[in-house]
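Chemist: Sequence plus the predicted model coming up.
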Amino acid sequence: MTASVGDDLTAGPPEQGALAGLRVLDLSGPLGNYCGKLFAELGADVVLVEPPDGTALRHQPPYAGDQPGLESSLPFRYNNTSKRSLRLDLEHPDGQQVFRELAAGADLVIETDSPGRMAARGLGHGRLSRSNPALVTTSITPFGQTGPYADHEASDLVCLAMGGLLYLGGYADGPPVQAGQQQAYAAANLFGAVASMLALTAAETTREGQHVDVSVQESVVMGLENAAQFQDLEGHVRRRTGGRQWRAGAGVFPCADGYVYLLAGGIGGNRFWPNLIAWLDSEEVPRAAELRGDQWGEREFVEAEENRDLFAEVFLPFARQRTKADLYRDAQRWRVPLCPVSRPTDILRSAQLRHRDYFVSVDGPDGLPAVMPGAPYVLSGTPWRLQGRAPRLGEHSVEVLHELGCSAERVAELTRTGVI
Amino acid sequence: MTRLPLEGIRIADFTWVGAGSYTTKMLADHGADVIKIESSAKVDGIRLSPPFKDGVKGVNRSGYFADRNTSKRSITIDLRTAEGRELARRIVADSDVVANNFTPGTMARFGLAYDDVRQLNPRAVYLAMSMSGDSGPERDFLGYGLTIGALVGIHHLSGLPGREPAGTGTNYPDHIPNPCHSAFAVLAALRHARRTGRGQYLDIAQTEPTIAVLGSAFLEATVNGRDAQPLGNGHLRYAPHGVYRCAGEDRWIAVTVTDDRQWPALQAVLGLPADACPAEWAAEAARHRDREALDALIATATADRDVADLFARLQQAGVPAGAVQDAADVVERDPQLQARDHWVRLEHPEMGETLYNAPPFRLTGTPVTLTRPAPLLGQHTAEICRDVLGLEDEEIARLQAAGVLA
């Protein structure tokens, strides 16, 4: 019996979040909102600083009920849980002043404007760190702060293309096809979070902050697997392989109700091939005997078209009679790396994820509950914790300014001039 | 020289293959002393994974392994021996982080379950990265990035509508969602340990972080009652938003218009005939409605263009566009990556001068320059025995002869 996850295995009083006490100002949008969320849900106080018409993700579909509106973007609702919202006009000198005061008491600023924009407002890292030397400013931009492309325009698709991952996606006989759900931006958010924590680690020991410069393009490059090394070591440009077995026993196979992904050999060493044969034998699959032999562990052999075809001739009729759930269960029983190609609704029903209480229900700004992914990790001592739904635009403006020590008069003046 | 953020942190690293090794690489590159505990009898599978230097297979020749293991030291220990397990326990006792990505129960067989480690070293942050997490009906299941990517939905969501899903073409969860979430959680837990003296147990399933970066696909189901579908290269709001063929073999350009002001610029650069472009296409919603016609028009206009020239012209006109770069473009030609020193060439004892990724970010105050290539299998065994375990040369020789350090 192992200890159940989520139990506090250490003695002592209940602990605060691992990032308790950190104050984060999130001025970002699609390139940084998930980064901010990661901080918030481990205990940091994260204020989403939004322009007058709301942060960029508020304008990204899909929308609840397909009705565009400041409070109905689903990506916004997901990526901004556990934050407070301050609506602040950073183009206005008074807004800039308020921001400088906030930054003086912050540990981390996350911003994703074009390089130089923050400095032009008097809000660059150099200026902000004058009154707060320990401040970390993380800038996440498509190509980074320096270099010939620093000022280029980009989108998720463009970053995916320029980082080389787009070329690997799609079908052998067709165009490159993007990874779903904005993975270039996801990568940048994630590396941005790691980079920010590294800089904060240094800042907490030395009291010296720094400017962190994250490139979306480079974050995508980290996902090229071994393609860069194939080019360097073997002079071979890896191409996309979707739509076909890329190695005998490796790829997507249709089954009774969808598809499964099989990686029969595993990675390196062909460790699981004998398990696959044992499984097929146990099911008395015709011609399974033809898949025996050491040659099925040789790269040239399993990459040869005739052997891929042979594998398909044996495996496909067997798979076609079974559901993805059955194949998943049976393959795993035989310790064969096979998984269903799941749709979101399959995943929402997963018994494993239900056991782990993975999905959480969060009320929308309209009061209606919505189920979304919860903790991406289980920390026994300082658990991940949802701190509340994504905020309405400017929901906490007054509260945040009061904490900053703004007088009622100043808040009234900022409101009157439309700064907040 | 500036102190790196993780100097003074030691990691007992039992991870192997993809996600685990990439997690500890990030920590190693930023100053942590990562001791990779390996076995000659059961070699890390990725050491046997292509590509290999000059195409010649060997445990010290894989570029896939090398890029995931920079800045680490390697010791070989046979954990099936009692003496080997004791050496591992001593490394663990002296470490800030203990990391593995085995299926649940494996570390317990080495006497290194979290409960064992906690007794030895209550400050230790214990990172476990099994496929499905350490409890539940699928806890003993196994998978790799590719199969896990299928299980968690990214495979289904990547492809052309109406065709079998294509996925990312990679073990995607291994390279980005899992190592980044894991490294972030470890750094957060190290902060807590620094402040309180208390370690903890991190149970990170290799499924859950990838689901976490697909958040709005799940809200589509739970709020709008729809199963999110792959979009090809499209976008729910922007058009054009696609990949179009250019002149040459398998050359493509990604073109997107994310602001109405970019549309006339695109028309001008591509020379789209005015009579083929209705005036209402000035507005995003109309372009999105007519996106198939728009795509066909653009594809015709790009087919004979040189991708590099078109990319430059579109960018000059302020249109978000990019060449669909292959690995050779990215490694050898991209001036941006070169200007940012993204690629580092390090001298490896067996592979010679070979290519490595620098981190995808610059910590301007504590800059990192990769200096150490991936270790040979067991390269630092004697060194670690001496300076971490305090063993004399004679004792090291005895353990080597007895097959404990193997």
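Modeler: Good, I have the coordinates.

Chemist: Can I get stretch B:391-406 as PDB, trimmed to CA atoms?
Modeler: Taking C-alpha atoms only, stretch B:391-406 is exported to PDB below (Å, rounded to 0.1, in the frame of the first residue of the first chain):
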ATOM      1  CA  LEU B 391      35.400   6.600  -1.000                       C
ATOM      2  CA  GLU B 392      39.100   5.800  -1.300                       C
ATOM      3  CA  ASP B 393      40.500   4.600  -4.600                       C
ATOM      4  CA  GLU B 394      41.000   1.100  -3.300                       C
ATOM      5  CA  GLU B 395      37.300   0.800  -2.300                       C
ATOM      6  CA  ILE B 396      36.200   2.200  -5.700                       C
ATOM      7  CA  ALA B 397      38.300  -0.400  -7.400                       C
ATOM      8  CA  ARG B 398      36.800  -3.200  -5.300                       C
ATOM      9  CA  LEU B 399      33.300  -2.000  -6.000                       C
ATOM     10  CA  GLN B 400      34.100  -1.800  -9.700                       C
ATOM     11  CA  ALA B 401      35.500  -5.300  -9.700                       C
ATOM     12  CA  ALA B 402      32.600  -6.700  -7.800                       C
ATOM     13  CA  GLY B 403      30.200  -5.300 -10.500                       C
ATOM     14  CA  VAL B 404      28.500  -2.900  -8.000                       C
ATOM     15  CA  LEU B 405      29.600   0.200 -10.000                       C
ATOM     16  CA  ALA B 406      28.300  -1.100 -13.300                       C
END
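
Chemist: How about residues contacting it?
Modeler: B:39-41, B:75-78, B:81, B:83-84, B:87, B:378, B:381-382, B:385-386 (Cβ atoms under 8 Å, 6 or more residues apart in numbering or on different chains). Every residue, glycine included, has its C-beta placed from N, CA and C.

Chemist: ditto for stretch B:181-190
Modeler: Contacts to stretch B:181-190, defined as Cβ under 8 Å, 6+ apart, come from residues A:18-19, A:38, A:42, A:190, A:193-194, A:197-198, A:201, A:376-377, A:379, A:381-382, B:9, B:19-20, B:23, B:26-27, B:96-97, B:99, B:125, B:127, B:129, B:199-200, B:202, B:204, B:209, B:212.

Chemist: tell me which element residue B:286 falls in.
Modeler: Per DSSP states H and E, residue B:286 falls inside helix B:284-289.

Chemist: what's the average pLDDT for the helix or strand just after that helix?
Modeler: Per DSSP H and E, the first helix or strand lying C-terminal to helix B:284-289 is helix B:291-302. For helix B:291-302, the mean pLDDT works out to 98.

Chemist: which strands and helices sit next to helix B:291-302?
Modeler: Judged by 3 or more Cβ pairs under 8 Å, 6 or more residues apart in numbering or on different chains; DSSP states H and E, helix B:291-302 is in contact with strand B:241-245, strand B:252-256, helix B:262-270.

Chemist: Could I get the buried residue list for it?
Modeler: B:291, B:294, B:295, B:297, B:298, B:299, B:301, B:302 (16 or more other Cβ atoms under 10 Å in any protein chain shown).

Chemist: what's the nearest residue to the second one if we skip its chain neighbours?
Modeler: So the one you mean is residue B:294. Spatially, and ignoring its direct neighbours in sequence, residue B:294 is nearest to residue B:240 (5.3 Å; Cβ to Cβ, 6 or more residues apart in numbering or on different chains).

Chemist: Quick check: the gap between that neighbour and residue B:255.
Modeler: The spacing between residue B:240 and residue B:255, counted by Cβ to Cβ, to the nearest Å, is 6 Å.
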